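Asker: Pasting a predicted model and its sequence here:
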Amino acid sequence: MDLSGSILISMPGMGDPRFEKSVILICAHSPEGAMGLIINKPSNDLNFAGLLEHLEIPRGPEGRDIRVQFGGPVERGRGFVLHSDDYFAQQGTLEVVGGYGMTATLDILQELAQGHGPREAFLALGYAGWGPGQLESEIARNDWLTATPTHALIFGSDQAGKWGAALRIMGIDPISLSAVGGRA
């Protein structure tokens, strides 16, 4: 089963604190593994203006200020811009199922700094990754629920509310969710 374009919603009993109450958009999924970006954990260390300054990217008068997120524990020094599908760079944009794109080149940061680029975007530092069969095992172990995201969930600004909103997409009240999974 290809989960590209789906979201993972961590269960309350998630043993890894890096993923507690996480919502992850799966950007790529194949027999070789999976890669996704956490969409609801803001970066406490860095903002977009500071990142542009650090990278010595000049900001134009129309420059945009996008959200900077913790994207996951793998390659935390690398940035991935998750964006609407109205932007595509020949070198560096991965089309993500559901009407999204992910670009990991400096070009998109330069365009955003000048007020251009995609209509909606945020920058994720790092990513969540799984080896062959690992994600499927975690889902079978009841670590994650899967759902189809809404555009508002992906790009909405209520970071603290996204976990509950993702569960409500599935018709689940977060209060009724048990930390212990089972099988019928």
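Answerer: Sure thing, it's come through. Source: prediction; values computed, not measured.

Asker: residues making contact with stretch 85-102?
Answerer: Stretch 85-102 is contacted from outside by 4-6, 25, 27-28, 37, 80-84, 103-105, 107-108, 111, 117-119, 121, 148-149, 151, 154, using C-beta atoms under 8 Å, 6 or more residues apart in numbering. Every residue, glycine included, has its C-beta placed from N, CA and C.

Asker: One more: stretch 41-49?
Answerer: Under the criterion C-beta under 8 Å, 6+ apart, residues 22, 59, 64-70, 112, 123, 125, 159 lie in contact with stretch 41-49.

Asker: how about that stretch: buried residues?
Answerer: Buried positions in stretch 41-49, judged by neighbour count with 16 or more other C-beta atoms under 10 Å: 41, 43, 46, 47, 48.

Asker: Using CSV, write down the CA coordinates of it.
Answerer: Extracted in CSV, the C-alpha atoms of stretch 41-49 (Å, rounded to 0.1, in the frame of the first residue of the first chain):
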residue,chain,number,x,y,z
LYS,A,41,6.0,21.2,15.4
PRO,A,42,7.3,24.7,15.1
SER,A,43,11.0,25.4,15.3
ASN,A,44,11.8,27.1,18.6
ASP,A,45,15.4,27.9,17.4
LEU,A,46,15.0,29.6,14.1
ASN,A,47,12.7,31.9,12.1
PHE,A,48,12.7,32.5,8.3
ALA,A,49,14.3,35.9,8.5
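
Asker: For the nearest residue to residue 170 once chain neighbours are set aside, grab the count of nearby residues.
Answerer: Of all residues not flanking residue 170 in the chain, residue 147 sits nearest, at 5.0 Å (C-beta to C-beta, 6 or more residues apart in numbering). A count of neighbours around residue 147, defined by other C-beta atoms under 10 Å, yields 18.

Asker: Touching, residue 147 and residue 168? I think so.
Answerer: No - with contact defined as C-beta atoms under 8 Å, residue 147 does not count as touching residue 168 (9.8 Å).

Asker: and residue 104, what does it touch?
Answerer: Going by C-beta under 8 Å, 6+ apart, residue 104 touches 78, 79, 80, 81, 92.

Asker: which SS class is the most centrally placed residue in the chain?
Answerer: Closest residue to the average C-alpha location of the chain: residue 37 at 2.9 Å, with C-alpha atoms, centre = their mean. On the three-state scheme (DSSP: H, G, I helix; E, B strand; the rest coil), residue 37 is labelled strand.

Asker: Which parts of the protein are strands?
Answerer: Using DSSP state E, the strands of the chain run over 7-10, 23-30, 33-38, 67-70, 74-84, 93-96, 100-103, 121-130, 144-147.

Asker: I'd like these laid out as JSON lines, including mean pLDDT.
Answerer: Output for the strands of the chain, formatted as JSON lines (pLDDT from 0 to 100):
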{"stretch": "strand 7-10", "mean pLDDT": "97"}
{"stretch": "strand 23-30", "mean pLDDT": "97"}
{"stretch": "strand 33-38", "mean pLDDT": "98"}
{"stretch": "strand 67-70", "mean pLDDT": "95"}
{"stretch": "strand 74-84", "mean pLDDT": "94"}
{"stretch": "strand 93-96", "mean pLDDT": "94"}
{"stretch": "strand 100-103", "mean pLDDT": "96"}
{"stretch": "strand 121-130", "mean pLDDT": "97"}
{"stretch": "strand 144-147", "mean pLDDT": "96"}
